[in-house]
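Student: got a predicted structure plus its sequence, pasted below:
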Amino acid sequence: MALITKRVYGAEDVLPKDSYKWQFLEDVMRKEANTHGFKEIRTPVFEHTELFKRGVGDTTDVVQKEMYTFDTKGGTSITLRPEGTAGAARALLEHAIYNDGLPVKAYYFVSCYRYEKKQANRYREFHQYGMEVYGTSSPAADAEIITSAATLFERLGLQNLQLELNSIGCPTCRKEYHKALRAYFEQYKDQLCETCLSRLDRNPMRILDCKSSVCSKIAENAPTVLDYLCDDCKEHFQGVKGYLDACGISYVINPKIVRGLDYYTRTVFEFVTTQLGAQGTVCGGGRYDGLIEEIGGQHTPSLGFALGMERLLALMEAQGIEIPKPSGCDLYIAGLGEQAQKKAFAIIREIRQASLNAEGDIVGRSLRAQMKYADKIGAKFSMVLGDDEITNNKAVLKNMETGDKIDVPLDENFFQGFFSAYVEADQAKLLQKMDM
Ligand code: ATP
Ligand code: MG
């Protein structure tokens, strides 16, 4: 029989055999966010389209070409979130979270939807971990989220992820810079790609981000934003660098980083690698001081980053970093006959209540097939319960790795027997490892 349909183009499944990798990363990220006093925010997967138009920016590729937008039966325009920041900012305002005191520090895990051309490490549904800070313009806040991302990458054992840093100024100094950029790119009008031609008027900085070889070649000699920063923006940028220097975080200044979304001001940064081909940006972020006003709130300087989970996993794989597998089955109990099967079932439940992993037969396999299965799932111990064991009230635990056999009573002392066997086996392993 043929499958009636397959997964939607550009979306991926995470199968049970691989989900531990995602869980591991999420665990490390939650812990890291906790150490910085960030709390999780969860927002809906869809929002009113207007939010992204205003929040992400009408002139961005994301809004112009990449959004999954549809009308509801009631005629409301809804969009699947293409990123996590706009929804978080909307929730902050809607629930007046700022009344609880500023800054608000939140982290999120979101699935995102962008109608993009599928390539290696570029999907139509992908996942981000992100951090958001609302209500501070201090450069210490910029440094805090950057160091948090850097610490996370260190914890995961990643190497050769370069932090690239830039400041794109504020609306005031950017006016002058846009003028200079327009004047520069006007000279090459006949060579720029179509998209960049349309950017020339509305958002010339985005030309610096163009991936076409002709445009990026032209962009090489474009005026640099750092020469146009006003005094306040310069001072802010100095501040961010100072904090990073203070804790020995290395970075390179890259005046070509402008980020894909319109709402950025001042600090922008990316963690990039050369190991993922064209999709080298693992994490990107910066400051968006105008965003909250843009979506209808009071002026609230804010900042954050988003990290692509799929790209992070791909990079870890490329660097041969092994994610620890969760511990497997502690005890497999095979029950033979109705009475023994029930007894096995009850013991399994008790072991599970003690938060250990126990398994038994829920398929109806033969004893041989059950032992094969116990081996396949990597059971540490196995035990067979048949009529004899029930009558004599004792059974034999088998250490599946060494083959050692240990007698255990089947009464209230069973747990004591099982735990001692477990601890002894672990100790023996440890001693062996220590060569003693
Ligand atoms: P890119 O230049 O790769 O298109 P972007 O500027 O559109 O990235 P952001 O909107 O800043 O990306 O998203 C933050 C991170 O999310 C990126 O650095 C990347 O790791 C990840 N990401 C973005 N788009 C995709 C996608 N289509 N598939 C997988 N990951 C993505
Ligand atoms: Mg993009």
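Tutor: Perfect, thanks for sending it. Ligands and ions are numbered 1, 2, ... in the order given.
Student: which residue does the stretch 201-350 of the chain have closest to ligand 1?
Tutor: Closest residue of the stretch 201-350 of the chain to ligand 1, Cβ to the nearest ligand atom: G308 (2.3 Å). The C-beta positions use only the backbone N, C-alpha and C, and glycine is treated the same way.
Student: the stretch 1-150 of the chain too?
Tutor: Distances from the stretch 1-150 of the chain to ligand 1, computed as Cβ to the nearest ligand atom, single out F126 as the nearest residue at 3.4 Å.
Student: correct me if wrong: that residue contacts A306.
Tutor: No. Taking contacts as Cβ atoms under 8 Å, F126 lies outside contact range of A306: 10.3 Å.
Student: gap between A88 and T43?
Tutor: Here A88 is placed at a distance of 6 Å from T43 (Cβ to Cβ, to the nearest Å).
Student: shared neighbours of the two, anything?
Tutor: Taking Cβ atoms under 8 Å, 6 or more residues apart in numbering as the criterion, A88 and T43 both touch Y108.
Student: neighbour count for those two, which is higher?
Tutor: With other Cβ atoms under 10 Å as the criterion, A88 and T43 differ in neighbour count, and A88 comes out ahead with 26 against 19.
Student: can you give the domain ranges for the chain?
Tutor: The chain resolves into domains spanning 19-165+266-318, 331-430 when parsed by automatic domain parsing.
Student: write out the residues of the stretch 51-200 of the chain neighbouring ligand 1.
Tutor: Where the stretch 51-200 of the chain comes near ligand 1, counting by Cβ under 6 Å from any ligand atom, the residues are 83, 114, 116, 121-123, 126, 128.
Student: which of those sit farthest apart?
Tutor: By the measure Cβ to Cβ, E83 and N121 form the most distant pair in these, at 16.8 Å.
Student: the nearest residue to E132 once chain neighbours are set aside: what secondary structure?
Tutor: Leaving aside its sequence neighbours, E132 sits nearest to G304 (Cβ to Cβ, 6 or more residues apart in numbering; 4.0 Å). When states are read from DSSP: H, G, I helix; E, B strand; the rest coil, the local structure at G304 comes out as strand.
Student: please name the bridge partners of G304.
Tutor: With DSSP bridges as the criterion, the beta-bridge partners of G304 are E132, G286.
Student: which residues touch it?
Tutor: Applying Cβ under 8 Å, 6+ apart, the residues contacting G304 are 85, 88, 130-133, 145, 285-286, 288.
Student: mind doing that once more with 7 Å?
Tutor: Taking Cβ atoms under 7 Å, 6 or more residues apart in numbering as the contact definition, G304 lies against 85, 130-133, 145, 285.
Student: okay, the residues you listed in CSV with pLDDT next?
Tutor: Putting those into CSV (pLDDT from 0 to 100) gives the following:
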residue, pLDDT
T85, 96
G130, 98
M131, 98
E132, 98
V133, 98
I145, 98
G285, 96
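Student: spatially, which two of those residues are the most separated?
Tutor: In those, two members sit farther apart than any others by Cβ to Cβ. They are T85 and I145, at 12.3 Å.
Student: still on that earlier bit, can you pull the pLDDT of the residue nearest to E132?
Tutor: Looking at G304, its pLDDT stands at 98.
Student: what about it, distance to Y243?
Tutor: G304 sits 17 Å away from Y243, going by Cβ to Cβ.
Student: what segments of the stretch 151-300 of the chain are helices?
Tutor: If DSSP state H, counting those that start in this stretch is used as the criterion, the helices of the stretch 151-300 of the chain fall at 171-186, 194-202, 213-219, 231-246, 291-294.
Student: buried set for the third one?
Tutor: The one in question is helix 213-219. For helix 213-219, the neighbour count (16 or more other Cβ atoms under 10 Å) marks 215, 218-219 as buried.
Student: what's the answer for the first one, then?
Tutor: Using 16+ other Cβ under 10 Å as the test for burial, helix 171-186 gives 173-174, 177-178, 180-181, 184-185.
Student: on that earlier part again, can you count the residues close to the residue of the stretch 1-150 of the chain closest to ligand 1?
Tutor: Applying other Cβ under 10 Å, we find 20 other residues in the vicinity of F126.
Student: tell me the contacts of it?
Tutor: 112, 308, 310.
Student: list phi and psi for the second one.
Tutor: When you say that, I think you mean G308. The phi and psi values for G308, taken as degrees, to the nearest 10, are phi -80, psi 120.
Student: quick check: it touching Q128?
Tutor: Yes. Taking contacts as Cβ atoms under 7 Å, G308 lies within contact range of Q128: 6.1 Å.
Student: looks to me like Y332 is in a strand.
Tutor: Yes. For Y332, which was evaluated using three-state DSSP, the result is membership in a strand.
Student: give me the below-cutoff pLDDT ranges for the stretch 151-300 of the chain.
Tutor: Scanning the stretch 151-300 of the chain for pLDDT under 70 picks out the ranges 260-262.
Student: so which of the contacts of G304 wins on neighbours?
Tutor: Neighbour counts for those peak at M131, which has 28 neighbours (criterion: other Cβ under 10 Å).
Student: contacts only, for that residue.
Tutor: With contact set as Cβ under 7 Å, 6+ apart, M131 has these partners: 33, 38, 107, 145, 148, 304-305.
Student: let's see which of those end up in strands.
Tutor: Using DSSP state E, 107, 304-305 are the members of the contacts of M131 that sit in strands.
Student: separation between M1 and R7?
Tutor: In terms of Cβ to Cβ, M1 sits 18 Å off from R7.
Student: of the two, who's got more company?
Tutor: In this view M1 and R7 are compared by other Cβ under 10 Å, and R7 has more residues nearby, 9 against 3.
Student: pull the longest helix from the chain.
Tutor: Taking DSSP state H as the criterion, the chain has its longest helix at helix 414-433.
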